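Chemist: have a look; sequence and predicted model below, questions after that.
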Amino acid sequence: MTEKTTETKVEEAQTAALEIAGLSDDARADALHSIADAIDANHEEILAANEKDVEEAEELLEAGEYTQALVDRLKLSPSKLESITDMVRSVAAQEDPLGKTQTARELDEDLELYKNTVPIGVVGTIFESRPDALVQIASLCLRSGNAVILKGGSEASHSNRVLFELIEEATADVPDGWAQLIEARADVDTVLGMDDSIDLVMPRGSSEFVSYIQDNTSIPVLGHTEGVCHVYVDEDADLSMATEIAYDAKVQYPAVCNAVETLLVHESVAEEFLPMIAERYEDAGVEMRGDEASRAIVSMEEASEADWETEYGDLVVAVKIVESLGEATSHITTYGSKHTDSIVTDDSDRAARFMRSLDSASVFHNASTRFADGYRYGLGAEVGISTGKIHARGPVGLEGLTTYQYYLEGDGQLVGTYAGTDAKPFVHEDFDGSWTPGSLSDR
Ligand SMILES: NC(=O)C1=CN([C@@H]2O[C@H](COP(=O)(O)OP(=O)(O)OC[C@H]3O[C@@H](n4cnc5c(N)ncnc54)[C@H](OP(=O)(O)O)[C@@H]3O)[C@@H](O)[C@H]2O)C=CC1
Ligand SMILES: N[C@@H](CCC(=O)OP(=O)(O)O)C(=O)O
């Protein structure tokens with residue numbers, strides 16, 4: 001059998017998008033349960049494929065060509081597979097994102113305007129070598145009635161192929177072609193040129209890569225890029241809490257984009273706090289790199305200017321002592337990536353100042369940056385963490401995969417009635433109600 005071209009795959013997805021949008025809530029949820037069951041039943045096959053990817057990646061890690069962070073994100077395990085299927089089932093359990101009436105407005109008697117959620121259409125996704133991302137993205141797209149083009153990182157190709165085939169087989173009742181796998185960078189370039197057929201491109205990866213996508217397509221792009229995340233330990237912080245948060249944010253999963261990269265510490269608590277966190281970090285093997293003031297308190301490597309803007313994705317953290325909250329927020333504005341930043345303080349006014357001064361997608365008070373995640377936000381899963389502002393920010397779940405349509409239900413009204421010297425005034429009053437196909441509400 002000849003392999004389909006990328007153009008054919010995109011065309012098939014476009015046809016499927018129109019059909020999948022019409023599938024019932026139950027049909028979309030049932031298909032997700034079939035995906036979860038298929039993954040549960042095929043651990044061996046998935047892990048064998050993943051083993052091949054990991055072996056190849058580990059060779060390149062030894063040769064110094066890959067980072068540990070890449071290998072960590074690539075690796076699957078039985079427990080990771082369980083958490084993947086939990087996420088798929090959790091996406092299935094989410095309320096139907098489609099057909100929700102966001103606004104019902106009476107324009108005049110028997111003239112009603114409804115703003116209703118609908119799928120985006122065909123979504124092109126390009127993501128890093130993280131096989132769980134393929135399953136999360138496909139699940140969210142299916143639940144929200146979108147067709148999806150999936151392009152994962154080349155290091156995960158064996159894992160992605162097996163997972164994709166399982167998803168395809170498990171969703172035999174869903175319109176054919178709703179999910180398509182592409183593998184080469186050249187295929188991505190083809191997709192970027194198909195602006196008539198693709199409605200949105202979501203790239204996840206380095207900022208260079210996301211810029212490359214933005215520069216090479218006229219399709220709207222929702223970028224998901226690096227996380228240079230901060231924890232600021234304020235002068236009024238509970239230092240035990242600050243230690244636990246700084247530890248969790250760095251150590252719990254250092255390879256991911258919501259891990260903390262820079263700790264900012266108010267000068268009045270630095271003498272007490274830095275030795276506390278240094279002891280915990282030392283136990284976990286975290287390397288600290290600090291400014292001169294931090295190094296005068298705890299022995300660590302010197303941080304260079306480049307450290308402030310580096311996403312280590314590893315057990316390394318930069319440390320800086322600041323004189324004020326203003327200095328902390330200005331440091332974050334200068335060097336951060338508008339992903340996720342957190343303040344630890346008992347002073348709610350200062351917490352509010354911190355949160356309002358920053359332009360990051362997620363800003364936390366007394367919590368670890370690692371909470372920036374679709375599953376933890378109750379979205380079921382995430383397509384990724386958007387570092388763009390329009391149309392979705394932070395963890396992108398089902399809502400970020402929908403747009404809306406206006407439906408107007410009338411009874412023969414004409415615009416001429418509402419224009420000119422004897423113009424009839426509009427009512428323009430919102431009411432509680434949802435659109436019922438083809439009829440006016442019986443309020
Ligand atoms: N905010 C978020 O949700 C996320 C952020 N990230 C960030 O991404 C970075 C790590 O990603 P990394 O593993 O380096 O991923 P890369 O940026 O190297 O690659 C990601 C994907 O883009 C593809 N790609 C890269 N360059 C091109 C190109 N020129 N043309 C076509 N496709 C291309 C890769 O394909 P190929 O493998 O074939 O090269 C891969 O599928 C980190 O900074 C991380 O924080 C990652 C994921 C999510
Ligand atoms: N939300 C995810 C991390 C986000 C993400 O996609 O990270 P990554 O792909 O590793 O850069 C989590 O908390 O595991």
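Modeler: Yes, it's here. Ligands and ions are numbered 1, 2, ... in the order given.

Chemist: contact partners for the residue in the chain positioned nearest to ligand 1?
Modeler: Using Cβ to the nearest ligand atom, G205 is the residue of the chain that sits closest to ligand 1, at 2.7 Å. Quick note: C-beta positions are derived from backbone N, CA and C, even for glycine. Shown in contact with G205 (Cβ atoms under 8 Å, 6 or more residues apart in numbering): 126-128, 224-225.

Chemist: quick one: the helices in the stretch 1-150 of the chain?
Modeler: For the stretch 1-150 of the chain, helices defined by DSSP state H, counting those that start in this stretch occupy the ranges 6-20, 25-41, 43-62, 68-74, 78-93, 131-143.

Chemist: out of those, nearest to ligand 2?
Modeler: Closest among these, using Cβ to the nearest ligand atom: helix 68-74, at 5.0 Å.

Chemist: other residues contacting the closest one?
Modeler: Helix 68-74 is contacted from outside by 50, 53-54, 57-58, 61, 128-131, 153, 155-156, 159, 253-256, 313-314, using Cβ under 8 Å, 6+ apart.

Chemist: do stretch 269-281 as well
Modeler: Stretch 269-281 is contacted by residues 233-235, 237, 239-240, 242-243, 246-247, 250-251, 263, 265, 288, 293-294, 297-298, 300, 317, 319, 321 when judged by Cβ under 8 Å, 6+ apart.

Chemist: count the neighbours of L181 for me.
Modeler: Residues contacting L181 under the criterion other Cβ atoms under 10 Å number 21.

Chemist: from what I see, it and R161 are in contact.
Modeler: Yes. Counting by Cβ atoms under 8 Å, L181 does reach R161; the two are 7.2 Å apart.

Chemist: highest neighbour count among the contacts of G205?
Modeler: H224 (26 neighbours).

Chemist: residue contacts, that one?
Modeler: When contacts are counted by Cβ under 8 Å, 6+ apart, H224 touches 202-205, 210, 383-388, 396.

Chemist: filter these down to the buried ones, ChimeraX style.
Modeler: This is the ChimeraX syntax for the buried subset of the contacts of H224, where burial follows 16 or more other Cβ atoms under 10 Å:
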select :202,203,204,205,210,383,384,385,386,387,388,396
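
Chemist: among the contacts of H224, which are located in helices?
Modeler: Of those, the ones assigned to helices by DSSP state H are V210.

Chemist: of the contacts of H224, which is the nearest to A17?
Modeler: Looking at the contacts of H224 and their distance to A17, the nearest is M202, at 15.2 Å (Cβ to Cβ).

Chemist: please name the bridge partners of the closest one.
Modeler: M202 has the following beta-bridge partners by DSSP bridges: T125.

Chemist: pretty sure it sits against V123.
Modeler: Yes. At 6.3 Å, M202 counts as touching V123 under the criterion of Cβ under 8 Å.

Chemist: quick check: residues of the stretch 251-400 of the chain near ligand 2?
Modeler: Counting by Cβ under 6 Å from any ligand atom, the stretch 251-400 of the chain comes close to ligand 2 at 253, 255-258, 370, 373, 382, 384-385.

Chemist: sketch out the low-pLDDT regions of this structure for me.
Modeler: 1 (pLDDT under 70).

Chemist: 80 - rerun?
Modeler: In the predicted model of the chain, residues 1-2, 443 satisfy pLDDT under 80.

Chemist: contact residues of it facing ligand 1?
Modeler: Contact residues, the chain versus ligand 1 (Cβ under 6 Å from any ligand atom): 70, 126-129, 151-154, 185, 188, 204-206, 209, 212, 224-227, 257, 311, 384-385, 387.

Chemist: restricted to strands, list the residues you listed.
Modeler: Counted as lying in strands by DSSP state E, out of these, are 126, 151, 385.

Chemist: give me every residue that touches the first one.
Modeler: I126 sits next to 151, 188, 201-205, 209, 213 when contact means Cβ under 8 Å, 6+ apart.
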